[in-house]
Structures are given as structure tokens and as C-alpha cells.
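K.L.:
Predicted model and sequence follow; I will ask about them next.
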Amino acid sequence: MYGNHPETNNFFRDRPTNPHSSSSASLPATQIDAAKIFVGGLSWQTTEETLRYHFEQYGEVSSVEVMRDRNTGDPRGFAFVVFTSDETVELILNSGPHEINHKVVDVKRAQARGVAPPSIHHGDGDGGGSVAGSSTGG
């Protein structure tokens, strides 16, 4: 009785459990992530609302997610912001440094793990978390 209602089925729409689904989850990743940015070096006080307020001045924001530690719920210092247009991402990337909550943040186009460009805060972008200039190698 409840299983055939579109409202009920929307709960499962974005879940990647069925690779043959006709939902947006089956679109190529490049189409889904073209209007997505990574924002790193965030202050611990930065919220989804703060990010939305900052980036709405450039274009319509579709979603904001501050990444959190799954055990403690504390923010991890980075977020992803999705826009309705890829042109908004281009505008943001070309508009110079961004300061949010009195911190200059690292803004770049979101990419799949392992292929991200270097961070302005953490050296070579390998995801290792090393701070630029703190390596012990020679």
C-alpha cells in the first residue's frame, strides 16, 4: 500500500544501491560533481549556514556539508559545497582568496580522492596531513 507512492520512494532515490537505477545516482560522476567545491582550512566554528551565506553571493547553493568525525561529531575542518551551476564554481575559483570566520580557506574544485591538487595549507595534497615544510625527507 505504501511502497508505490513517489513520496515514499524518494527516500531511496539518491542511494547508490542499485546500479541500474534511473535516478541521478546513475549519472557519470563528472556530471554530478562539476558544480562541487572543496573548502578546506575551516575554523572549527564554521557551520553549514556560514558557508551557505558566504557562497550564495556567487550563485545558487544546492547543498552544503561540513565533514565531521564519525565518532565525536566534531568538525574535521573541511566541507563540500554544491551549486546549481558549474559557472558559479568558475566564478568562485577566479575571485581570489576567500575568508570565512576570519580564516583564509582553501577553495578548489572537488575531485575524486587521490587526484586532488596541492592544498594551500598542507603541502603536496597527498592527503597525508603533513604541513608544508615539516617533512623530514631530503
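P.N.:
Received, thanks.
K.L.:
residues touching Arg52, list them.
P.N.:
Arg52 makes contact with Val61, Val64, Val81, according to C-beta atoms under 8 Å, 6 or more residues apart in numbering. The way it works is simple: take the backbone N, C-alpha and C, and place the C-beta from them, glycine included.
K.L.:
try 7 Å
P.N.:
Going by C-beta atoms under 7 Å, 6 or more residues apart in numbering, Arg52 touches Val61, Val64.
K.L.:
Return the distance of it relative to Val61.
P.N.:
Separation of Arg52 from Val61 (C-beta to C-beta, to the nearest Å): 5 Å.
K.L.:
try Leu93
P.N.:
Here Leu93 is placed at a distance of 15 Å from Val61 (C-beta to C-beta).
K.L.:
Please apply the same query to Asp106.
P.N.:
Distance, Asp106 to Val61, using C-beta to C-beta: 18 Å.
K.L.:
Same check on Glu49?
P.N.:
Relative to Val61, Glu49 is positioned 11 Å away (C-beta to C-beta).
K.L.:
Repeat that for Pro97.
P.N.:
Going from Pro97 to Val61 by C-beta to C-beta gives 20 Å.
K.L.:
Over to Phe55?
P.N.:
In this structure, Phe55 and Val61 are 6 Å apart, going by C-beta to C-beta.
K.L.:
that older thread, more neighbours: Leu93 and Val61, which one.
P.N.:
Using other C-beta atoms under 10 Å as the criterion, Leu93 and Val61 rank with Val61 on top: 20 against 14.
K.L.:
can you pull up the bridge partners for the more buried one?
P.N.:
According to DSSP bridges, the residues that bridge with Val61 are Phe83.
K.L.:
So, low pLDDT: which residues of this structure?
P.N.:
Under the criterion pLDDT under 70, the flagged ranges of the chain are 1-32, 114-138.
K.L.:
can you give me the helices for it?
P.N.:
Under the criterion DSSP state H, the chain contains helices at 6-9, 29-33, 48-55, 86-93.
K.L.:
Just the CA atoms of the last one, as PDB, please.
P.N.:
Going back to what we said before, that points to helix 86-93. C-alpha atoms of helix 86-93 as PDB (Å, rounded to 0.1, in the frame of the first residue of the first chain):
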ATOM      1  CA  ASP A  86      29.300  25.000 -12.900                       C
ATOM      2  CA  GLU A  87      29.700  28.600 -13.800                       C
ATOM      3  CA  THR A  88      29.300  29.500 -10.200                       C
ATOM      4  CA  VAL A  89      32.300  27.300  -9.400                       C
ATOM      5  CA  GLU A  90      34.400  29.100 -12.000                       C
ATOM      6  CA  LEU A  91      33.400  32.500 -10.600                       C
ATOM      7  CA  ILE A  92      34.400  31.400  -7.100                       C
ATOM      8  CA  LEU A  93      37.700  30.000  -8.200                       C
END
